[in-house]
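A.B. asks: Coordinates for the following, if possible.
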Amino acid sequence: MALSSDFLPWPKEHAPGQFYTFPVGGSVADFGPITRTQNPMVVGTSVLGVKFAGGVAVAADMLGSYGSLARFRNISRVMRVNDYTVLACAGDYADYQYLHDIIEQMVRSKLNPLWNTILVGGYHDEESFLGYVDRIGLAYESPVVATGFGAFIALPLMRDAHEKNPNMSKDEALTLLERCLKILYYRDSRAFNRYEIAIVTKDGATILPPASCVTNWEIAHFVRNE
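C.D. replies: Numbering: from 1, shown residues only. Okay, here's the model as predicted:
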């Protein structure tokens, strides 16, 4: 049975070299408002935080991964919000940049979340603060916090260290963070050996210069893929 040209998805008459618009299904934009990405492209992995006697410290490496490609190796995921507050972010880096620009605004998600997990550290009323909030609004405070793969690998180590020494000094907290970042570099394929650490005390908020861990890969020669 032949189809009538009235029902065919192309024009009845054709002219060589001309452009035609064929009827196709509507795009996503035709069915609703423009939304932020639901498919993160360049993402950051674990963010760590720990409270110490007199302040709080947070850390994040400086890698932006495009899938499994270590695409951007010198991006900052830690920001100084004000004199006594810092923020570090895991997840989509474009959304972090957007959040960075509007951090002082009160934003309601309207089920269109920013694809980030955020760690906030600060100091107020002679007391340090360390909090966590994710893209669906789950929020809590804790003396130790980790996101991404760090929640499975680094967080148990940090909890154990904090339980044994709840009033650790700033130097002890920094040593703990550096140890956890080193372990994540060994164990997390999306981690990187270049990181930033932010410190907040009664004297204010500071982001330390980027640094790297001393690593040893000699054991890699004993690994064999059977």
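A.B. asks: Centre-most residue in this protein?
C.D. replies: By CA atoms, centre = their mean, the chain has its centre lying nearest to Ala90, at 1.1 Å.
A.B. asks: Tell me the predicted confidence for that one.
C.D. replies: If you check Ala90, the pLDDT there is 95.
A.B. asks: same check, this time on Asp160
C.D. replies: Asp160 is assigned 97 on the pLDDT scale.
A.B. asks: longest helix of this structure?
C.D. replies: When the chain is parsed with DSSP state H, its longest helix is helix 170-187.
A.B. asks: helices and strands around that one, which ones?
C.D. replies: In terms of contacts (3 or more CB pairs under 8 Å, 6 or more residues apart in numbering; DSSP states H and E), helix 170-187 is packed against strand 47-52, strand 55-61, helix 150-164, strand 195-201. Heads up, the C-betas are built off the backbone N, CA and C, glycines and all.
A.B. asks: For that helix, could you pull out the residues that count as buried?
C.D. replies: For helix 170-187, burial by neighbour count (16 or more other CB atoms under 10 Å) applies to 173-174, 176-178, 180-185.
A.B. asks: same check, this time on stretch 42-62
C.D. replies: Buried positions in stretch 42-62, judged by neighbour count with 16+ other CB under 10 Å: 42-52, 54-62.
A.B. asks: about what we covered before: going by distance to Val200, which of the buried residues of helix 170-187 wins?
C.D. replies: For those, the minimum distance to Val200 (CB to CB) is 11.3 Å, reached by Ala173.
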